[in-house]
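All I have is the shape, not the residue letters:
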């Protein structure tokens with residue numbers, strides 16, 4: 001799952017001990033993250049996918 005903190009919030013990733021980056025990060029689903037979602041501390045987002053490159057012919 002890909003989560004990002006709500007604006008103005010600092011949410012620590014228990015796996016790394018570091019704050020979750022503002023742009024978000026991929027984390028393993030766990031009770032910790034489900035509680036953060038339920039409390040409104042983080043938002044689940046779809047990671048931006050790179051568009052496939054088309055070759056010029």
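Looks like it arrived, so ask away. Values in this document were obtained by computation on a predicted structure and should not be read as measured data.

From now on I want contacts and neighbour counts done on CA atoms only, so please keep to that.
Noted.

For this structure, just list every one of the strands.
2-5, 25-26, 42-44 (DSSP state E).

so which of those strands gets nearest residue 13?
Nearest to residue 13 among the strands of the chain is strand 25-26 (9.6 Å), distances taken as CA to CA.

rewinding a little: deepest-packed of the strands of the chain, please.
Mean neighbours per residue, mean count of other CA atoms under 10 Å, is largest over those for strand 2-5, with a mean of 21.

Let's have the strands of the chain in TSV, adding distance to residue 36.
Shown next, in TSV, are these (distance: least, CA to CA, whole Å):
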stretch	distance to residue 36
strand 2-5	9
strand 25-26	14
strand 42-44	6
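
and those as TSV, adding mean pLDDT?
Shown next, in TSV, are those (pLDDT from 0 to 100):
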stretch	mean pLDDT
strand 2-5	96
strand 25-26	95
strand 42-44	97
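
Quick check: which of those strands is nearest to residue 35?
Smallest distance to residue 35 across those (CA to CA): 9.4 Å, for strand 42-44.

Given that closest one, what are its sheet partners and their directions?
Here strand 42-44 has these sheet partners by DSSP bridges: strand 2-5 (antiparallel).

can you list the residues that contact the partner strand?
Identification of contacts with strand 2-5 by CA atoms under 8 Å, 6 or more residues apart in numbering yields 11, 20-27, 41-47.

again, but for stretch 12-21
Stretch 12-21 is contacted from outside by 4, 5, 10, 11, using CA under 8 Å, 6+ apart.

Kind regards, and thank you for your time.
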